[in-house]
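Visitor: have a look; sequence and predicted model below, questions after that.
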Amino acid sequence: MAEIKPPCRKDGKSKGADDAGNVESQFNFLYSLINEVPDPILVVGTDFRVKFANRAAQNFSNKFVCKGDKEPFCHTLVYNIDFQCSNMGRPCPLIEVLESNRPVVVEHEIKQDDGAIRNYEIHASPLWDDNGQFLGIVESIRDITDRTEYARMLKKSQRQLETSVEERTRDLLRSNDILRTEIVGRQNIEKILRAERDKFQVMLEAMGQGMHILNSDFTIEYQNDVLRDLFGDQIGHTCYEVYKSRNEPCEICRMQEAINTGQVQRTEEVMRNKRYYSQSYAPFKDIDGEDKCLILLNDITEEKMYQAETMRTGQLASIGELAAGVAHEINNPINGIINFSQILMDDCTDEATGGILQRVIDEGERVAIIVSKLLSFARQGGDDQAAYMETEVRDVLDDSFALLGHQFKKDGIHYEVSGPLERIHVWVNPQQLQQVFVNLLSNARFALNDKFKKERSEGKKLKVKVSLIKLKNRKFVRINFTDYGCGIPEEIIDVVCNPFFSTKEPGEGTGLGLSISEGIIKEFKGFLRIKSEIDKYTSIMVDLPIYEPEQGE
C-alpha cells in the first residue's frame, strides 16, 4: 500500500518548495504524528478498499497484505474475510456513515489467533473532497476489551496511549527530506497539503484524548481541541501554571524525566478542574533538534470512582462477615449470662447482690445492642431506592456514637450533641447515613489523637450540633461535626474529598472515606462542606433536605 505523499514531477525536481515550506512543515508534522498514534487509523474508500493505513493499522493483523497493486479490503485487513462485515451481522462503519451522513461509532468483536475474543470500538467519520463529493471514511480502531469488562462490573474504563518517539523523529526527518524533493508548484502543493493537514487534524481530534506538546521551558506549543475545551486556549503558557495553578515547575516533573531518560513516563494526577487524568509523556526532538514532549491526557475520574466503590463494597463485605461471626460468638454467651443472672436475681434476697446482678444484666444487654448495631451497620443497602426510608437524624447519631462511644471514652475525648428537641426526619438509606456519620466521627477521633496524642485534655473535644436551616427555599437539617484537633492545611482542603487522597500514614487510611461520604450525601440530594483552620479546628457540615410527606420523597 503506497503512503500518502504530495504529487511530484517526473524529473523529480521540486517547485515552490521555499514558498510552501510552512504548509509542508505542518503536513510533515501531522503526517508523522498520526503515523505514530498507537490506535489503528484507516482511510476506506467507497469501494471498501483501504486507501491509507498508519503503522498501527498495518501491524494490527499479520494478514495485512496487498494483492498486486490493489489495496486490501477493510474487512480483509481486520477480519481476514472476503465479504463485508454486514454479511456477518456486524454493523459496517462505511454503510452506517453513508446512511446517516454523519460520524458514527460501532463496536466489533474480533477473534484472535489464540482463540481469545477482544472488543474494538470503531470511530468512523465521512471524508469529502473540496467539491462536496463523498470519498469514503476515516476510521480509528480502539481496543476496548478492558473497558467492556469493567462496564459489566462497575462500568469502569481505562485507556492509555503511548507513542514511540525515536521512530517518530526518524520518520519525521525522513518524510521532511522526501517532501522537499517532491514539491511541485506552490499553489497546487499548498492546496494538497492544507487538505491533508485538515484530514490529519480531524483524525487527531477524533481520538477523544487530550493532547499537547511542551518545549523544554515547560511552555505549551500545541494544544488540541479536547484540552482547549477543558482549559481554554493556553498556547504560550506554562504547563504548571495552566494545570496546577503553580508559579514554578513541579518538584517531580514527568516531562523532564522523560526527556532525561528518553523513555515514556506515565502518571495519574488531579488537575486544576478537580478531575483525575492518566498522563503519558513521550519525549522527542523536533526538526531543529530541540527537546520536546508529547503529552496525552485521559480523564479517568469515573474509573477512580468505580475503584473506590469496588473497595467500599469489599470493605463492607468483610465487615459483614466479621459482624456475623461476632454476633454468633458473642450473642449466645451474652444471652446465657443475661438469663442466668436473671435467674439468680429472681432468687436473690440480698439488695447489694441484686444490684450487682442487675448491673451484669444491663451491661450484657448493652453488649448485645452494640453487636446488633454492628450487624446493622454492615448490612449496606447500596443505591437501591427500596432501602430508603423515613429516618430520624438523632437516632442515626445515637447509633453511631454507640459504635464509637467506648473508643472516645478510652481516648479521653469529650463529646457533646446539641440541637432542637423535636424529631427531625429525612428520606435516606439509614445504613448509608450511619456510614457517613461513623466515618466523620472516626476522622474527628484521629485528628484529636493526632494533636493531643493519648493525653487527656479539656481541649480534646468534639461537638456535634443539629440545627434547622433553609437552602434554596427548602427546609434542611444541618449536622455540624466540629473537632478541635490538628486541622486541615488550606492548600489541600479542596482535594480532601478526592478518591484515594489521604493525609494519614500508609496503612492507616485508604483515602476513600470522605470521597464515599460526599457521594452518599449527594445521592441524598444533600451537601457536604468543610471548613478548617490548621492546629485549631475542622468543621464538616452535612446538610440534608427534611422529609415532608406531603411533598413526596
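Guide: Cool, got the structure. Numbers count the residues shown, from 1 in each chain.
Visitor: domain parsing for this structure?
Guide: Per automatic domain parsing, the domain ranges recorded for the chain read 21-154+192-202, 208-299, 301-379, 386-553.
Visitor: can you give me the strands for the stretch 251-400 of the chain?
Guide: Ranges of strands within the stretch 251-400 of the chain are 265-270, 276-285, 291-299, 389-392, based on DSSP state E, counting those that start in this stretch.
Visitor: oh, that last question was meant for the stretch 51-200 of the chain, not what I typed.
Guide: With DSSP E, counting those that start in this stretch, the ranges of strands along the stretch 51-200 of the chain come out as 104-111, 117-128, 134-143.
Visitor: residue farthest from the centroid of the chain?
Guide: The outermost residue of the chain, judged against the average C-alpha position, is Thr349 (68.3 Å), by C-alpha atoms, centre = their mean.
Visitor: at the geometric centre of the protein, which residue sits there?
Guide: Centroid-nearest residue in the chain: Thr301, 1.9 Å away (criterion: C-alpha atoms, centre = their mean).
Visitor: nearest residue to Leu344 other than its sequence neighbours?
Guide: In this structure, Leu344 finds its nearest non-sequential neighbour in Leu357, 5.6 Å apart by C-beta to C-beta, 6 or more residues apart in numbering. From N, CA and C alone the C-beta is placed, and that goes for glycine too.
Visitor: the one you found - how many residues pack around it?
Guide: For Leu357, the count of nearby residues is 19 (other C-beta atoms under 10 Å).
Visitor: now for it: which residues touch it?
Guide: Ser341, Gln342, Leu344, Met345, Cys348 (C-beta atoms under 8 Å, 6 or more residues apart in numbering).
Visitor: rerun at 7 Å
Guide: The neighbours of Leu357, taking C-beta atoms under 7 Å, 6 or more residues apart in numbering as the test, are Ser341, Leu344, Met345, Cys348.
Visitor: likewise for Cys74?
Guide: Leu42, Val44, Phe48, Val50.
Visitor: can you check Cys250 too?
Guide: The contact partners of Cys250, by C-beta under 7 Å, 6+ apart, come to Tyr240, Lys244.
Visitor: my read: Asn224 touches Gln209, true?
Guide: No - no contact is recorded between Asn224 and Gln209 when judged using C-beta atoms under 7 Å, the distance being 8.0 Å.
Visitor: who's more crowded, the two?
Guide: Just comparing Asn224 and Gln209: by other C-beta under 10 Å the higher neighbour count belongs to Gln209, 21 against 18.
Visitor: pLDDT value on the nearest residue to that one once chain neighbours are set aside, please?
Guide: Leaving out its chain neighbours, the residue that sits closest to Gln209 by C-beta to C-beta, 6+ apart is Leu296, at 5.2 Å. On the pLDDT scale, Leu296 is placed at 84.
Visitor: same thing with the one 4 residues further on?
Guide: Per-residue confidence (pLDDT) for Ile300: 79.
Visitor: for Thr76, same thing?
Guide: Looking at Thr76, its pLDDT is 79.
Visitor: what's the burial count for it?
Guide: For Thr76, using other C-beta under 10 Å, the count is 20.
Visitor: dump the residue contacts of it.
Guide: Per C-beta under 7 Å, 6+ apart, neighbours of Thr76: Asp82.
Visitor: also Pro420?
Guide: Val466, Leu468.
Visitor: so it: helix, strand or coil?
Guide: Here Pro420 is recorded as coil under DSSP: H, G, I helix; E, B strand; the rest coil.
Visitor: distance check, it against Arg478.
Guide: Here Pro420 is placed at a distance of 11 Å from Arg478 (C-beta to C-beta, to the nearest Å).
Visitor: shared neighbours of those two, which are they?
Guide: By C-beta under 7 Å, 6+ apart, no residue touches both Pro420 and Arg478.
Visitor: as a check, name the ranges of all helices in the stretch 251-400 of the chain.
Guide: For the stretch 251-400 of the chain, the helices defined by DSSP state H, counting those that start in this stretch occupy 254-261, 301-347, 351-378, 393-411.
Visitor: and the shortest one, what does it pack onto?
Guide: So the one you mean is helix 254-261. Counting contacts by 3 or more C-beta pairs under 7 Å, 6 or more residues apart in numbering; DSSP states H and E, helix 254-261 packs against strand 265-270, strand 276-285, strand 291-299.
Visitor: could you check the angle strand 265-270 makes with the second one?
Guide: Between strand 276-285 and strand 265-270, the angle formed by their directions is 150 degrees, by axes from the mean of the first three to the mean of the last three C-alpha atoms, to 10 degrees.
Visitor: same check on the last one?
Guide: Our comparison of strand 291-299 with strand 265-270, counting by the same axes, to 10 degrees, yields an angle of 50 degrees.
Visitor: contacts for stretch 392-410, please.
Guide: Contact with stretch 392-410 is made by 369-370, 373-374, 377, 415, 417, 423-426, 430, 433-434, 437-438, 441-442, 445, 464, 466, 477, 479, as judged by C-beta under 7 Å, 6+ apart.
Visitor: pull out the buried members of these.
Guide: 370, 373-374, 377, 415, 424-426, 430, 433-434, 437-438, 441-442, 445, 464, 466, 477, 479 (16 or more other C-beta atoms under 10 Å).
Visitor: which of these fall within strands?
Guide: Tyr415, His425, Val426, Val464, Val466, Val477, Ile479 (DSSP state E).
Visitor: which among the residues you listed gets closest to Gly132?
Guide: Proximity of these to Gly132 (C-beta to C-beta) peaks at Val426, which lies at 60.0 Å.
Visitor: identify the bridge partners of that closest one.
Guide: Here Val426 sits in beta bridges with Thr391, Ile546, as judged by DSSP bridges.
Visitor: which residues touch it?
Guide: Contact analysis of Val426 by C-beta under 7 Å, 6+ apart lists Thr391, Val393, Val477, Leu544, Pro545, Ile546, Tyr547.
Visitor: 10 Å - rerun?
Guide: Val426 sits next to 388-393, 396, 433, 476-477, 479, 524-526, 544-547 when contact means C-beta atoms under 10 Å, 6 or more residues apart in numbering.
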